[in-house]
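Undergrad: one predicted model, sequence on top.
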Amino acid sequence: QFQGRRLHVDWARSGSQRERSDPPRDVEPSISGEGSRHLYVARIPERVSPEQLTDFFSRHGNVQTVKMLPQKGDFRSAFVD
């Protein structure tokens, strides 16, 4: 949970991967070039900054970038690499 909200986190997928029904379950496909090393994060509260997301995900590994997407409704989404 992040600031009391359950985030939706999944592997970011390219256009060809969006058609697949099951996302990669581990990092192995990402290393081989078949998948993505980016995480797609949804349901981010609107006042959360990229720096706060970096701090949160840094507990799980090195965070290189956080790219916030335009807000839709009450929540935001981002790509975390």
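TA: Sure, I can see it. Residues are numbered from 1 along each chain as shown.
Undergrad: continuing past the worst-scoring helix or strand of the chain on mean pLDDT, what's the next helix or strand?
TA: Ranking every helix and strand in the chain by mean pLDDT, DSSP states H and E puts helix 28-31 at the bottom, with a mean of 42. As assigned by DSSP states H and E, the chain's next helix or strand after helix 28-31 is strand 39-45.
Undergrad: can you list the strands that that following strand pairs with?
TA: Sheet pairing of strand 39-45 (DSSP bridges) gives strand 8-11 (antiparallel), strand 75-80 (antiparallel).
Undergrad: ranking those strands by burial, who's on top?
TA: Highest mean neighbour count of those: strand 75-80, a mean of 18 (counted as mean count of other Cβ atoms under 10 Å). Every C-beta, even on glycine, is put in place using the N, C-alpha and C of the backbone.
Undergrad: contacts for it next, please.
TA: Under the contact criterion Cβ atoms under 8 Å, 6 or more residues apart in numbering, strand 75-80 has outside partners 12, 38-46, 48, 50, 53-54, 57, 63, 65-69.
Undergrad: below-threshold pLDDT in this protein: ranges please.
TA: Counting by pLDDT under 70, the chain shows low-confidence ranges at 15-36.
Undergrad: R47 in helix, strand or coil?
TA: coil (DSSP: H, G, I helix; E, B strand; the rest coil).
Undergrad: and it, how far from M68?
TA: 12 Å (Cβ to Cβ, to the nearest Å).
Undergrad: one more: F56?
TA: Distance from F56 to M68, by Cβ to Cβ: 13 Å.
Undergrad: tell me which of the two has more neighbours.
TA: F56 (19 against 15; other Cβ atoms under 10 Å).
Undergrad: that one contacts V9, correct?
TA: No: at 10.6 Å, F56 does not count as touching V9 under the criterion of Cβ atoms under 8 Å.
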